[in-house]
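# One predicted model, sequence on top.
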Amino acid sequence: MFSQNLKYLREKHDMEQLDLAKALGRKSASSISEWEKGKYTPKMKTLNEIAKLFKVNIDDLMTKDLKNSIENKEEIVAAHLDYSDLTEEEQKEIEQFIEFVRNRKK
């Protein structure tokens, strides 16, 4: 599960393997590639760094299907948004705020 989660989180944050490698203090992306292929699992210190970087729990990173979990949460939030009583400008403001919050993580 770790290998799929790592790739999913990296891509969700618009990162290339080399970007993630640099964020973890590595010079090349070879380790990232091997982790994503499931050949190796990083040491606990590196797992902590990855979890902190992507703001996820280590247990979830290692065992949970994060892609489906995160996408399900986004669908639930979207289903509860009721724009019917908002003007078009108010709707745009909400969309801009959501984009602002997403970009803060980068």
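Thanks, I have the structure now.

# quick one, what contacts the spatially closest residue to Lys64 that is not a sequence neighbour?
Excluding the flanking residues, the one nearest Lys64 by C-beta to C-beta, 6 or more residues apart in numbering is Met1, at 6.9 Å. For the C-beta atoms, the positions are set from N, CA and C on the backbone; glycine is no exception. Counting by C-beta atoms under 8 Å, 6 or more residues apart in numbering, Met1 makes contact with 62-65.

# Also Leu6?
32, 35-36, 50, 61.

# Check the offset of the longest helix belonging to the chain from the chain's centre.
The longest helix of the chain (DSSP state H) is helix 88-104. Offset of helix 88-104 from its chain centre (C-alpha atoms, centre = their mean, to the nearest Å): 19 Å.

# How about stretch 45-53?
Worked out by C-alpha atoms, centre = their mean, stretch 45-53 lies 13 Å from the chain centre.

# Report the buried residues of that stretch.
47, 50-51, 53 (16 or more other C-beta atoms under 10 Å).

# Mind checking the pLDDT average for it?
Per-residue pLDDT values over stretch 45-53 give a mean of 95.

# picking that back up, would you list the buried residues of stretch 45-53 in a markdown table and tack on distance to Glu93?
Formatted as a markdown table, those follow (distance: C-beta to C-beta, whole Å):
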| residue | distance to Glu93 |
| --- | --- |
| Leu47 | 39 |
| Ile50 | 34 |
| Ala51 | 33 |
| Leu53 | 30 |
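
# just checking, which of those residues belong to helices?
Those of these lying in helices (DSSP H): 47, 50-51, 53.

# is it possible to export the contacts of Met1 to JSON lines including neighbour count, secondary structure and pLDDT?
JSON lines is the format used below for these (neighbours: other C-beta atoms under 10 Å; DSSP: H, G, I helix; E, B strand; the rest coil; pLDDT from 0 to 100):
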{"residue": "Met62", "neighbour count": "14", "secondary structure": "helix", "pLDDT": "90"}
{"residue": "Thr63", "neighbour count": "12", "secondary structure": "helix", "pLDDT": "87"}
{"residue": "Lys64", "neighbour count": "15", "secondary structure": "coil", "pLDDT": "85"}
{"residue": "Asp65", "neighbour count": "14", "secondary structure": "coil", "pLDDT": "84"}
